[in-house]
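Chemist: My questions concern the predicted model and sequence given below.
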Amino acid sequence: MKKILACGLLLLLFLVPVNASVIAAGSTHNVAAASDGSVWAWGQNRNGQIGDGTRFARNAAVQVPGISNVRAVAAGNHHTVALRRDGTVMSWGANALGQLGNGTTTERTSPVRVQGLTNVTAISSHDTHNLALRNDGTVWAWGSNTRGELGHGSDASFSSVPVQVVGLENATAIAAGWGSSFALRSDGQVVAWGLETGSNVPAQVDRAWDFNVVPAQVSGLRNVTAFSENGQSVAVTRDGTVWQWGHGQRPQRVPVQGVRLVDTLNLREVWWPCWRHLPGWVQFLLRWVAFGWVWM
């Protein structure tokens, strides 16, 4: 019932006159960047993830004070990250594992700046870690590293400041997953690090978790043009083929024909975790409302 109510609140965003251009969902809260650069959030707020200076839950969207000119937002379990138009990054909420990237482990109920990041073009958050893509193609990560998800070659449990992902300088897109991280390179290859990445390292052997602490190429994928990650990874190649992997499985071709080139992958990521709880006909209706029509 709680999941259904949470999804209902998220669906109401269509009816709220905020002019949202980007939205993201954490485990118990939601955040939207409006077309005027303001940020709005609602949901649970025990860790300050709403960013309004309080810890009171909000059942309607409230504006996050002290932040403007935002072009993108991302949400972890109980923290929020925002990318400003000048290429700097702000964050607020839970911080026990350095999720805010400001050099501390102190929770913040208002936005603080992520240390040392400039010229950022994209951000991604999941659970308790974050990724940032800079305009030079490098990828930076901060927060939890218990499964190697920061990709800097260390098994340290977390980093409270951004660290550069080792050996990755030509990335064009990024995605943070549960205990894992992914990047699309300019040559169409997908690389991954952390847990259950689909690379050549087994995901699980005799209940002992194996993971990569540096990027490794996802086997069997070439000429990738778009991808998404949220527990299950999905990629589309240049010829329109759809691939899926995760939970210890290598990439498998999905028997889909006639896929219209619309961004349903991002739709799923934005609405996660609500998307998987919606009936199939509701998913179709939302696709139709957002994109006109989809045929498969």
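Modeler: Okay, I see it. For clarity, every value in this text was computed on a predicted model and none was experimentally measured. Residues are numbered from 1 along each chain as shown.

Chemist: what pLDDT, on average, does stretch 90-103 get?
Modeler: Stretch 90-103 shows a mean pLDDT of 98.

Chemist: buried sites along it?
Modeler: 90-102 (16 or more other C-beta atoms under 10 Å). In this view, the C-beta of every residue, glycine as well, is placed from N, C-alpha and C.

Chemist: ok, now stretch 107-127?
Modeler: 107-112, 114, 117, 120-127.

Chemist: Reformat the buried residues of stretch 90-103 as a markdown table; add secondary structure and distance to residue 237.
Modeler: Listed next are the buried residues of stretch 90-103 as a markdown table, based on DSSP: H, G, I helix; E, B strand; the rest coil; distance: C-beta to C-beta, whole Å:
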| residue | secondary structure | distance to residue 237 |
| --- | --- | --- |
| 90 | strand | 35 |
| 91 | strand | 34 |
| 92 | strand | 38 |
| 93 | strand | 36 |
| 94 | coil | 37 |
| 95 | coil | 38 |
| 96 | coil | 39 |
| 97 | coil | 35 |
| 98 | coil | 35 |
| 99 | coil | 33 |
| 100 | coil | 36 |
| 101 | coil | 33 |
| 102 | coil | 39 |
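
Chemist: Where does pLDDT dip in the protein?
Modeler: Counting by pLDDT under 70, the ranges of the chain that qualify are 1-18, 196-210, 231, 248, 256-296.

Chemist: and it, what are its domains?
Modeler: Split into domains by automatic domain parsing, the chain comes to 12-252, 257-296.

Chemist: winner for burial among those?
Modeler: Highest mean neighbour count among the domains of the chain (mean count of other C-beta atoms under 10 Å): domain 12-252, with a mean of 20.

Chemist: and it, how far out from the chain's middle?
Modeler: Remark: domain 12-252 is offset 4 Å from the chain centroid, using C-alpha atoms, centre = their mean, to the nearest Å.

Chemist: how about the closest residue to residue 52 other than its chain neighbours, what does it touch?
Modeler: In space, residue 52 comes closest to residue 62 once its chain neighbours are excluded; the distance is 5.3 Å by C-beta to C-beta, 6 or more residues apart in numbering. With C-beta atoms under 8 Å, 6 or more residues apart in numbering as the criterion, the residues that contact residue 62 are 40-42, 50, 52.

Chemist: Can you spell out which residues form a bridge with residue 23?
Modeler: The bridge-partner assignment for residue 23, based on DSSP bridges, gives residue 32.

Chemist: just checking, it touches residue 31?
Modeler: Yes: between residue 23 and residue 31 a contact is recorded at 7.0 Å, counting by C-beta atoms under 8 Å.

Chemist: what is in contact with the two at once?
Modeler: With C-beta under 8 Å, 6+ apart as the test, residue 23 and residue 31 both reach residue 73.

Chemist: Among the buried residues of stretch 107-127, which one sits closest to residue 185?
Modeler: Lowest distance from residue 185 to the buried residues of stretch 107-127 (C-beta to C-beta) belongs to residue 122, with 14.0 Å.

Chemist: hey, what's that closest one bridged with?
Modeler: Beta-bridge partners, per DSSP bridges, of residue 122: residue 133.

Chemist: got it, and the one 4 residues further on?
Modeler: Residues found in beta-bridge contact with residue 126 (criterion: DSSP bridges) are residue 129.

Chemist: go on, residue 252?
Modeler: residue 244.

Chemist: Residue 55: what's it in contact with?
Modeler: 45-48, 109.

Chemist: circling back to that earlier point, would you mind putting the contacts of residue 62 into CSV with secondary structure alongside?
Modeler: Shown next, in CSV, are the contacts of residue 62 (DSSP: H, G, I helix; E, B strand; the rest coil):
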residue, secondary structure
40, strand
41, strand
42, strand
50, coil
52, coil
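
Chemist: so which of the residues you listed comes closest to residue 192?
Modeler: Nearest member of the contacts of residue 62 to residue 192, counting by C-beta to C-beta, is residue 41, at 29.7 Å.

Chemist: now that closest one: how far from residue 225?
Modeler: 32 Å (C-beta to C-beta, to the nearest Å).

Chemist: What helix or strand is the residue lying closest to residue 72 once chain neighbours are set aside located in?
Modeler: Counting by C-beta to C-beta, 6+ apart, residue 72 lies nearest to residue 83, which is 4.2 Å off, once chain neighbours are set aside. In this assignment (DSSP states H and E), residue 83 forms part of strand 79-84.

Chemist: other SSEs contacting that strand?
Modeler: strand 29-34, strand 70-75, strand 89-93, strand 120-126 (3 or more C-beta pairs under 8 Å, 6 or more residues apart in numbering; DSSP states H and E).
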